[in-house]
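Undergrad: got a sequence here, can you model it:
(3 chains)
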Amino acid sequence: MNKMLVVMLGSILVLGGMIWMLQSDSNKRGTPSLSVDGTEDEQGQSLMFFCAASNRAVMEQIVAEYTAEYGREIELQYGGSQTLLSQLEVTGAGDLYLPADDSYLKIAKDKNLVSEMLPIAKMEVVVAVQKGNPKSIHTLDDLFRKDVKLVQANPDATAVGKVTRRILKETGQWDALDKSTTAYRTTVTEAANDLLVGAADAAIVYDAVLHTYPDLEYVTLPEFASGTSQVALGVTQQTRQPRAALHFARFVTARDRGLVNYAKHGFQVEKGDVWSETPELSLFAGSMLRPAIEDTVKEFEQREGVRVNTVYNGCGILVAQMKAGQVPDAYFACDTEFMEQVPDLFPEPTDVSQNELVIIVKKGNPQQIAGLRDLTKQGLRIGIGHEKQCAMGWVTQNTFREGGVQQEVMENVTVQTPTGDMLVNQMRAGSLDAAVVYLSNTAGSGDFLDAVRIQGLECSVATQPYAITPASPNALTASRLFEQICSAESQDSFTAEGFRWKVDIESSGGND
Amino acid sequence: MIEFKQVCIRAGDFQLDKISFEVGSGQYAVLMGRTGRGKTTILESLCGLRRVQSGQIMVRGMDVTHWPPADREIGYVPQDLALFPTFTVAEHLQFALKLRSFHKTQIDHRVEELAEMLGIAHLLKRGIDGLSGGESQRVALGRALSFRPTVLLLDEPLSALDAETRDEIQALLRTLTDSTGVTTLHITHNTAEAAALADRCFHIRDGQVIEDAKTN
Amino acid sequence: MTEHAINRTGEAKSHRTRRRSDLPFFLVMSGISSCFILLIVLLLAADLMFTSLEDFKAAVMKPEIQSAFRLTILSCTVAALLSIWVATPLGYLLSRYRFPGRLLIDTIVDIPIVLPPLVLGLSLLILFHLPIGGWELEAWLRDDVGFPVTYRWPAVILAQFSVSCAFAVRTMRVTFDQINPRAEDVARTLGCSRGQAFLQVALPQAWRGMIAATTIAWARALGEFGPILVFAGATRMRTEVLSTTVFLELSIGQLNAAVAVSLLMVVMAAIVLVVLRVLGTGLTS
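TA: A predicted model of the protein is given here:
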């Protein structure tokens, strides 16, 4: 009985001692937690980063450099991409997510788990072989040989498998390859490992996976040329430290920081932004866009911790500035015409929204203006936008021309301004009887203005394109701003102001 | 001293209905009957290891029907003896006394006394592995009697012993019960034993306990 | 028998044909057994040949590995001790008493053994983060109690405990099944309460079983990987245990490091098993 008591007591002591040791070890590492108590200063808090195990080698370097430079701790959780995604979903915590390839990010985005995606590198589908290519595998047909044991990653569970299957199904070669495949492995690293231990002669993998396998080589096949995937870093929707998370994410994807490490590890890195702690973005925007995007831009600044210097002005003036050498990172023009005036700077704009011209008159429409024709009435004082200074003016001229009333209406024009707001103010002051402005300019003036639509004239509708300077050091940030502008909330802003939304969200993020 | 009043017990498949019998103080009662008829069940319900459906069990005039075994002060020697494998012989004899918080000297004294009575003084330091049948039987008896119970229950104590040892233990039982005056209920299927030891003889038949007429 | 005594050579011959040799028996038994033993030995030998002493030393010297080693030893031991503390009463109850719902409890206890490890880990994660009308277990623990679990060392122990306790309960149940309940009955007639009977009579007899249960629990905790990965994560220097180290090294193709750490685990496990075996036999001499 005594022996029993001694043992029981002893075990409790040992138990207690060990728990104490575990807790003190944990305390030594600092106490970052999964939550933030909502303070503005986020310096002391660490970020929780769900990172695919295959990226461990390169990410640990980057994290070490980041922590050395900025002192913020990053807590790395490793696992398989799918498992990490499930953890994200279940815990509702986590600030950053880096899956093995971006197909998982897309799934995460669909589930509203991820908001921003920052591209890191491209990966190609290749055929891995042992050093020296002992089985002389050079073409796709070589993979069908009886003496070549081919392993692949499972097409239902891995992205590389999916991509391979998709490509080969299109060329009709999938079934043949399927038959020649000795085994399907659950992850792409397992396939590579098979090759390493000699259980296989060839494996279809991503080139990026092989950077930790010095004893393996790879062969690129023309059939796989279209099989590229991206490695991208996602910032979660639910993060409580968006600024810190984006700070780190920008560090990882900066061409002079994280991407250097990735390149050293054999990835084909994307261009990336130049690193800056608080990037300053310059955006030129047509002044009529101001009410639609102002709040969005501010929110973007808040979330990212960047500064966006927006210059609102008539597009003509902006174009002149650009031609004189002041090139912004992004340009949001009032009309395509004024984007096409600087094609070398912005090769790939995307049409975002549309705005139509309307005739504004005093409330109650005392002059009984029902359409363009009525603007030719004698004695009317009409205000329009200046043709050269702003897109509005240019579109107005086109409209008059189309409507066949250009000359007559121009006789009634008393003032030409660079922006529509000025015309609205003049209407208010009573110095004009009518003005031709954008529908968006009339927002908020319903008390003293009526708007008369201009029917049936295509060119009375202006289309607003957005474009990013390819050479910009903040190109990625600018494209994230674009994504923000395309978000549902922002769309609501636009439509509330009288714009019509144009861009298809599904195909955004690309340039059209 | 032991009295069963209209006791009903259900055990496994069979039922003992309205058992009633009594054994007087200091008497040596033997309970006989075919195997599987419920003899052990009666013993178990007497010492509190089995619940009864209805009726009353009286010991020393007190209704112990709902008392836990620990309170009944009954010594029990089961058929397989159930010695404590991790205890020495001495510890077996000390066990009940330690539970009752006796002084060390009192315990040692009683152990010596018991060992003498049972003839196992030379075995005190031994563990129970390797004890002969007779020796084990003595240890079990000593354990059951260590705290001077008023009732002693024996479940076929002599069945597993060879003829010589059986006679020894039989004699021992007689001596012990005479000297301590403990009321004993002894289960057996051997009529010779019954004849040698019993003051009273009972039979279980058809789920009833019936006393045999017995001379002496 | 007498007819054989006549011819000396005849006798020898018929003795030889009559005597049934035990040799075939031993050959077959040891043949079958040695297949398994040989397999294990070959596995270890293959591992040893794959790695080299330098690799092994390099791996062992890394501070992350040392931290993982320390965490492994601590967490496995804590999980094993907790397991035996829980498994002993539970095994006793399941063995001795027929209570309503016993079959159900029995089945529930076996579930962690049968569940795929990842499911167990995911379920733990979900449990701690399930919002119940605005309240969440993990949030409560972290904010009100000051003891966060997910992705911290308690999660490692909880994940290990969930499985190792199930094994320990099984072992203790069998142990108590093999202990004669009559002895406890007699103890009760001698004056014990049920608790005393358990502590003084049953438990000392269960010693060997408890050692076995602790051993199994410890071994299971050591090998646990799936639930730990999902519930506790694999953060270096914080929740990385040796089994997750092997996974991490494997997933970037560092087979050498993976094998080196595996061998380290084998050595560690062997030492603990031997120690526990000696303890077990030593105390029940």
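
Undergrad: can you count the residues close to the residue of the stretch 301-450 of chain A found nearest chain C?
TA: When scored by C-beta to the nearest C-beta, the stretch 301-450 of chain A has residue A:303 as its residue closest to chain C, at 23.7 Å. All C-beta atoms are positioned from the backbone trio N, CA, C, and that covers glycine. Neighbourhood size, residue A:303 [other C-beta atoms under 10 Å in any protein chain shown]: 18.

Undergrad: okay, and it sits in which element?
TA: Per DSSP states H and E, residue A:303 falls inside helix A:290-304.

Undergrad: packing partners for that helix?
TA: Contacts defined by 3 or more C-beta pairs under 8 Å, 6 or more residues apart in numbering or on different chains; DSSP states H and E place helix A:290-304 against helix A:242-252, strand A:307-313, helix A:475-485, helix A:488-497.

Undergrad: contacts only, for the spatially closest residue to residue A:303 that is not a sequence neighbour.
TA: Once flanking residues are discounted, residue A:303 sits nearest to residue A:242: 4.8 Å by C-beta to C-beta, 6 or more residues apart in numbering or on different chains. Residue A:242 sits next to A:235, A:303, A:304 when contact means C-beta atoms under 8 Å, 6 or more residues apart in numbering or on different chains.

Undergrad: so who does the closest residue to the last one other than its chain neighbours touch?
TA: Same thing as residue A:304. Sequence neighbours aside, residue A:246 is the residue nearest to residue A:304 in space, at 4.9 Å (criterion: C-beta to C-beta, 6+ apart). Taking C-beta under 8 Å, 6+ apart, we find residue A:246 in contact with A:116, A:235, A:303, A:304, A:305.

Undergrad: and residue B:151, how close does it get to residue A:349?
TA: 105 Å (C-beta to C-beta, to the nearest Å).

Undergrad: just the closest residue of chain C to chain A, please.
TA: residue C:251 (3.6 Å).

Undergrad: ok, and the closest non-adjacent residue to that residue?
TA: With C-beta to C-beta, 6+ apart as the criterion, residue C:251 has its nearest non-adjacent residue at 3.6 Å, and that residue is residue A:53.

Undergrad: how many neighbours does the one you found have?
TA: Here the count is done by other C-beta under 10 Å, and residue A:53 has 26 residues near it.

Undergrad: thought residue A:78 was touching it, still the case?
TA: Yes - the pair residue A:53 and residue A:78 qualifies as a contact (C-beta atoms under 8 Å) at a distance of 4.6 Å.

Undergrad: so where's the stretch 1-150 of chain A uncertain?
TA: Within the stretch 1-150 of chain A, the segments meeting pLDDT under 70 span A:1, A:29-44.

Undergrad: quick one, domains of the chain?
TA: Using chain A. Domains of chain A are assigned by automatic domain parsing as A:47-119+A:230-269, A:122-229, A:278-512.

Undergrad: can you look at chain C instead?
TA: Taking automatic domain parsing as the criterion, chain C consists of the domains C:1-50, C:52-283.

Undergrad: out of these, deepest packed?
TA: Ranked by mean neighbour count, these are led by domain C:52-283 with a mean of 19 (mean count of other C-beta atoms under 10 Å in any protein chain shown).

Undergrad: about what we covered before: now the residue nearest to residue C:251: phi and psi?
TA: The phi and psi values for residue A:53, taken as degrees, to the nearest 10, are phi -60, psi -30.

Undergrad: residue contacts, it?
TA: A:78, A:79, A:80, A:189, C:247, C:248, C:251, C:252.

Undergrad: dump the residues you listed to JSON lines, plus secondary structure.
TA: Output for these, formatted as JSON lines (DSSP: H, G, I helix; E, B strand; the rest coil):
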{"residue": "A:78", "secondary structure": "strand"}
{"residue": "A:79", "secondary structure": "strand"}
{"residue": "A:80", "secondary structure": "coil"}
{"residue": "A:189", "secondary structure": "helix"}
{"residue": "C:247", "secondary structure": "helix"}
{"residue": "C:248", "secondary structure": "helix"}
{"residue": "C:251", "secondary structure": "helix"}
{"residue": "C:252", "secondary structure": "coil"}
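
Undergrad: which of the residues you listed lies closest to residue C:193?
TA: Residue C:193 has its nearest neighbour among the contacts of residue A:53 in residue C:247, at 49.6 Å by C-beta to C-beta.

Undergrad: which residues touch that closest one?
TA: Here residue C:247 is in contact with A:53, C:225, C:229, C:234 (criterion: C-beta under 8 Å, 6+ apart).

Undergrad: ok, now how distant is it from residue C:152?
TA: Applying C-beta to C-beta, the value for residue C:247 to residue C:152 is 19 Å.

Undergrad: residue A:289 too?
TA: The value you get for residue A:289 to residue C:152, if C-beta to C-beta is used, is 49 Å.

Undergrad: for the closest residue in space to residue B:39 that isn't next to it in sequence, what are its contacts?
TA: Excluding the flanking residues, the one nearest residue B:39 by C-beta to C-beta, 6+ apart is residue B:187, at 4.6 Å. Counting by C-beta under 8 Å, 6+ apart, residue B:187 makes contact with B:30, B:31, B:32, B:39, B:40, B:43, B:154, B:155, B:156.

Undergrad: can you rerun that using 6 Å?
TA: Counting by C-beta atoms under 6 Å, 6 or more residues apart in numbering or on different chains, residue B:187 touches B:31, B:39, B:155, B:156.

Undergrad: pretty sure the first one is in a helix, no?
TA: No - according to three-state DSSP, the state of residue B:31 is strand, so it is not within a helix.

Undergrad: for it, give the beta-bridge partners.
TA: residue B:187, residue B:202 (DSSP bridges).

Undergrad: let me know how buried it is, in neighbour terms.
TA: When neighbours are counted by other C-beta under 10 Å, residue B:31 comes out with 28.

Undergrad: pLDDT wise, what is it at?
TA: Each residue has a pLDDT score; the one for residue B:31 is 89.

Undergrad: is it true that it touches residue B:39?
TA: Yes - contact between residue B:31 and residue B:39 holds when scored by C-beta atoms under 6 Å: they sit 5.4 Å apart.

Undergrad: the closest residue to chain B within the stretch 351-500 of chain A: what's it in contact with?
TA: Nearest to chain B in the stretch 351-500 of chain A, going by C-beta to the nearest C-beta, is residue A:488, at a distance of 71.2 Å. Under the criterion of C-beta under 6 Å, 6+ apart, the contact list for residue A:488 is empty.

Undergrad: give the buried residues for the helix holding residue A:303.
TA: By neighbour count with 16 or more other C-beta atoms under 10 Å in any protein chain shown, helix A:290-304 contains the buried residues A:290, A:291, A:292, A:293, A:296, A:297, A:300, A:301, A:303, A:304.

Undergrad: quick check: residue C:144 vs residue A:415, distance?
TA: Distance, residue C:144 to residue A:415, using C-beta to C-beta: 67 Å.

Undergrad: adding pLDDT, write the contacts of residue A:242 out as JSON lines.
TA: Formatted as JSON lines, the contacts of residue A:242 follow (pLDDT from 0 to 100):
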{"residue": "A:235", "pLDDT": "93"}
{"residue": "A:303", "pLDDT": "88"}
{"residue": "A:304", "pLDDT": "88"}
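
Undergrad: on that earlier part again, any residues in contact with both of residue A:53 and residue A:78?
TA: Common contacts of residue A:53 and residue A:78 (C-beta under 6 Å, 6+ apart): residue C:248.
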